[in-house]
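Enquirer: Any chance you could fold what I've pasted below:
(chains A, B and C)
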Amino acid sequence: MADPQFFKKAQNFSLRELADLTGSELSEGADATQKLHDVAALDVAGANDLSFLDNVKYKDAFLTTKAGACIVHPSVAGFAPHGVSLLLNSNPYKAYALAAQAFYPDVKPESVISDSAHIDPTVSVGPGVVIGPGVVIGPGAEIGEGSWIEANSVIGENVRIGAYVRIGSNATVSHCHIGDHTRLYPGVRVGQDGFGFAIDPKGHVKVPQLGRVIIEDHVEIGANTCIDRGAGPDTVIGRGTWIDNLVQIGHNVKIGRGCVIVSQVGISGSSVIEDFVAIGGQAGLAGHLRVGAGARIAAQAGIMRDIPAGEEHMGSPSLPIKQYMKQVALLKRLIKKDK
Amino acid sequence: MADPQFFKKAQNFSLRELADLTGSELSEGADATQKLHDVAALDVAGANDLSFLDNVKYKDAFLTTKAGACIVHPSVAGFAPHGVSLLLNSNPYKAYALAAQAFYPDVKPESVISDSAHIDPTVSVGPGVVIGPGVVIGPGAEIGEGSWIEANSVIGENVRIGAYVRIGSNATVSHCHIGDHTRLYPGVRVGQDGFGFAIDPKGHVKVPQLGRVIIEDHVEIGANTCIDRGAGPDTVIGRGTWIDNLVQIGHNVKIGRGCVIVSQVGISGSSVIEDFVAIGGQAGLAGHLRVGAGARIAAQAGIMRDIPAGEEHMGSPSLPIKQYMKQVALLKRLIKKDK
Amino acid sequence: MADPQFFKKAQNFSLRELADLTGSELSEGADATQKLHDVAALDVAGANDLSFLDNVKYKDAFLTTKAGACIVHPSVAGFAPHGVSLLLNSNPYKAYALAAQAFYPDVKPESVISDSAHIDPTVSVGPGVVIGPGVVIGPGAEIGEGSWIEANSVIGENVRIGAYVRIGSNATVSHCHIGDHTRLYPGVRVGQDGFGFAIDPKGHVKVPQLGRVIIEDHVEIGANTCIDRGAGPDTVIGRGTWIDNLVQIGHNVKIGRGCVIVSQVGISGSSVIEDFVAIGGQAGLAGHLRVGAGARIAAQAGIMRDIPAGEEHMGSPSLPIKQYMKQVALLKRLIKKDK
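Expert: Residues are numbered from 1 along each chain as shown, chains lettered A, B, ... in the order given. Below is the predicted model:
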């Protein structure tokens, strides 16, 4: 189904191969030798396609799907339409992700350094690197093995980029160390001065921003997102954290491992986000806060205080989710009574 | 009034010509041969300028304007100061737009392909195209007749761009088909991977993003706005839709025709926005929703459920406007009573 | 403490020199000849470092700091740990800023015009200018003395840039006059068309945007921020105003002197922000409003009406802070009572 102009399919797989690749069980009676040629959504999949059901919103599409096979949670196996083989998995979305990666593995151009890139002679470039046209790399920078810097990006002096990193086009990176397997999308801005100045009616006085940005391994940073460097301490993005588009991360912010930060979130300076925190779109966090491990912050929430580990907060100013739901329900009742 | 360093005026027009151009009626006694030399705002317009009144906030400026002529709704014609000719139109702002376009038609540089652009030899370039310095265009891309790609933009492999499209500078476009007469402003990001992954404490697992972005004709997309490509289905922006700056549009989103989406709005993945929907600045929409045709969503609203066609919603979480107004009024009263 | 790969320290200073540089008093018994080698945060500073206390959140770090000297407000001098020299200042953060600037003065590369920049022959370039690789500058533009245009930025026709301006990489500037000592960060978009069109079901009609952007002296504009040019009047950013990342400023907006506008704020078209206004992150302002001098708008506030000078507003829709606080407290009480 994927447009072959943009995506190259690697090969076909048998149901058995897909079960092994994704850690799934075949449903009773499924033919392990059945060949699947592609992945597709439930409503458009055909007899040679593998699909998946993960969100109950799409159960009607599941009931009528014409997919050859489908990855589902064991609890819904009984609802499958006749003729659809099932791969049973407790995390169908993850299993689908692994299957889709097998059909459509990542592609990278062959190693090449564009003639029109402007690379300082002191830059260290690892083997297998791709550097696109118009890229500018300052003195002393290091680009690790297999990394890919796309067209017209600008990498500052002494920046260190690890192995198998991909920097999207038109991005700007300075004052920064980046780990391995990390990806920055187009238009990302990393390492510029934070918003640091002393207010003064005669003219605000700039505070030199003397820290760096440290981005660990396996991080993803969405398009046009901005991460300011530290004012003294570093700004840190922990291993395996995923950040969406148009997010703002202020100076000195520390983000732990495995966090998920949705589009247009703003995190003010010096706040600490511990491991595995999830923050919904457009939420805002004041500065100098701590959000405990595993906390969940709803979209558009306004966080003005520390959030204990594992708590879920909604609203602006935010409340623990139970209180917030009570408030919403109470207001509804009051309006109903009122005329 | 417009600075001639930045804007070239085409010619002068008679009142009759302007009435014809804009579909307006001359007011009684107006001199059809009166020459107007320029457009200007009510408070700065002089005897040779055409102005307009559209927003009642500016009625004082209308009462004292020195404009030679003014486009107004027929209902306010009686308030015109002495000596101001009137063009009567039921949509004065549209009429002004047409007049201003006549005085200041769009200009495009002469067709030229910059020597310093990096254009793969397999790219198809239509007649009359302008390609600025530092532009990078990947293999197999098509640039239609009369299109203009501004400096340092990056167009990916096999992207199709229609006729009379303008792509602003430092923009990035991949995995995308763009219709005719569409315009992307500087720094737009179109076609990057959506925010798709299966959450896993051992490391989130990326879901390959196998869809495209389809942008139809006469679309405008504001500066630094991000539109992710589909995960499987395409992300679609319908004909004649206007999108402002710094907007986020997630994967698989379908936006209909003629929508208006103001700055900093965020639309989460897989939501459907039907035709002629208006969304105010900084509003956020959860994923997998449907907003019916002609619905209106206020600035900063938080949309967590489907919105029926034609409804107006405000607040976060949003309410139909009547209920929302009641809630605001009720809270005011309660606070007043309270001490 | 600052990483010498990214920051060059100028020299050491005696306590007396630092007192003079920052306008501070030495505390009783302090040794004016004590040498300080660097600045550092309270918790990491050592015997040769100068630190500061400005935010009461960090008082514990102050009580145990090992800094050689510390800038503090006179009122907390009594709490200093033994052996820490004090510089007493009524604005410790400003004093720290001045000290840090002395240790780490701004650096600019030597004047050079990159061979790979595309500069129209009619451009006027002042003495001491730095123009990076891939920069594109259109006909008639003026770049003042000592200004620095970083890599891959695009400066439009007839743009005027004053002296000692710095334009970050991958930025786009058109239809604009910029004063002296102003700084635009990477990815800033200035001067594109505002979001101006007449709504029409047959196709919205574009209103030509015939104004400019005027940015005065000593302005800072954060990464990926967008400032649209005026529709007729100019968009104006006043002297000494600081704007953070990812901010949206609509057409015709006038911002006064010394304002502080935090990340992700959106200011709709034609609004007027008077001098010394502070706007918290993610706040949104409707169009055609006036915010009086010295007003303060909280993060995430939604401003739908004029704000009188000096007032503080919170919430969406916003209320004066006292009323807002009452509303928050009232809701808390109602929820408590409710079951």
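
Enquirer: Flag the shaky bits of the stretch 201-339 of chain A, pLDDT-wise.
Expert: For the stretch 201-339 of chain A, the stretches flagged by pLDDT under 70 are A:339.

Enquirer: Quick check: residues of it near chain B?
Expert: Within the stretch 201-339 of chain A, the residues that sit near chain B (Cβ under 8 Å from any Cβ of the partner chain) are A:218, A:220, A:222-224, A:240, A:242, A:244-246, A:258, A:260, A:262-264, A:276, A:281-282, A:299-300, A:316, A:328, A:331, A:334-335, A:338. Where C-beta positions appear, they are placed from N, C-alpha and C, glycine not excepted.

Enquirer: First-to-last residue distance for stretch A:66-77?
Expert: One end of stretch A:66-77 to the other measures 15 Å (Cα to Cα, to the nearest Å).

Enquirer: Check whether that stretch comes into contact with chain B.
Expert: No. Judged by Cβ under 8 Å from any Cβ, stretch A:66-77 makes no contact with chain B; its nearest approach is 11.2 Å.

Enquirer: tally of neighbours for the residue lying closest to A:V247 once chain neighbours are set aside?
Expert: Excluding the flanking residues, the one nearest A:V247 by Cβ to Cβ, 6 or more residues apart in numbering or on different chains is A:T225, at 4.4 Å. Per other Cβ atoms under 10 Å in any protein chain shown, the neighbour tally for A:T225 reads 30.

Enquirer: do the same with A:L319
Expert: 20.

Enquirer: Next: A:K57.
Expert: Using other Cβ under 10 Å, A:K57 has 11 other residues around it.

Enquirer: Would you agree it falls within a helix?
Expert: Yes. Counting by DSSP: H, G, I helix; E, B strand; the rest coil, A:K57 is part of a helix.

Enquirer: and it, what is it in contact with?
Expert: Shown in contact with A:K57 (Cβ atoms under 8 Å, 6 or more residues apart in numbering or on different chains): B:H288.

Enquirer: Show the pLDDT at it.
Expert: As predicted, A:K57 sits at a pLDDT of 85.

Enquirer: Would you mind giving both backbone torsions of A:L18?
Expert: phi -70, psi -40 (degrees, to the nearest 10).

Enquirer: Kindly provide the distance from the residue nearest to it when sequence neighbours are not counted to A:R16.
Expert: Residue nearest to A:L18 in three dimensions, not counting chain neighbours: A:A99, with 5.5 Å by Cβ to Cβ, 6+ apart. The gap separating A:A99 from A:R16 is 13 Å, by Cβ to Cβ, to the nearest Å.

Enquirer: between these two, who's got more neighbours?
Expert: Neighbour totals were compared for A:A99 and A:R16, and A:A99 leads with 28 against 14 (other Cβ under 10 Å).

Enquirer: list the helices and strands the host helix or strand of that one packs on?
Expert: Assigned by DSSP states H and E, A:A99 belongs to helix A:92-103. Packed against helix A:92-103, as judged by 3 or more Cβ pairs under 8 Å, 6 or more residues apart in numbering or on different chains; DSSP states H and E, are the following elements: strand A:13-14, helix A:15-22, strand A:38-39, strand A:49-52, strand A:69-72, strand B:197-198, strand B:205-206.

Enquirer: Would you mind putting the ones you listed into JSON lines with distance to C:N89 alongside?
Expert: As requested, those are exported to JSON lines (distance: least, Cβ to Cβ, whole Å):
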{"stretch": "strand A:13-14", "distance to C:N89": "69"}
{"stretch": "helix A:15-22", "distance to C:N89": "63"}
{"stretch": "strand A:38-39", "distance to C:N89": "64"}
{"stretch": "strand A:49-52", "distance to C:N89": "62"}
{"stretch": "strand A:69-72", "distance to C:N89": "64"}
{"stretch": "strand B:197-198", "distance to C:N89": "49"}
{"stretch": "strand B:205-206", "distance to C:N89": "51"}
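
Enquirer: give the contact list for the residue lying closest to A:L50 once chain neighbours are set aside.
Expert: Among residues not flanking A:L50 along the chain, A:L36 sits closest, at 4.5 Å (Cβ to Cβ, 6+ apart). Taking Cβ under 8 Å, 6+ apart as the criterion, A:L36 is in contact with A:N12, A:F13, A:S14, A:L15, A:L18, A:N48, A:D49, A:L50, A:G68, A:A69.

Enquirer: if you set the cut-off to 7 Å instead, what comes out?
Expert: A:N12, A:F13, A:L15, A:L18, A:N48, A:D49, A:L50, A:G68, A:A69 (Cβ atoms under 7 Å, 6 or more residues apart in numbering or on different chains).

Enquirer: per-domain residue ranges of chain A.
Expert: According to automatic domain parsing, chain A comprises the domains A:13-103, A:111-156, A:171-339.

Enquirer: Most tightly packed of these?
Expert: Burial of these is given as mean neighbour count (mean count of other Cβ atoms under 10 Å in any protein chain shown); domain A:171-339 ranks first at a mean of 22.

Enquirer: Show me what from the stretch 51-200 of chain A comes close to chain C.
Expert: Selection of the stretch 51-200 of chain A residues close to chain C by Cβ under 7 Å from any Cβ of the partner chain yields A:118, A:134, A:136, A:140, A:152, A:154, A:158, A:170, A:172, A:175, A:187, A:189, A:192, A:195, A:197-200.
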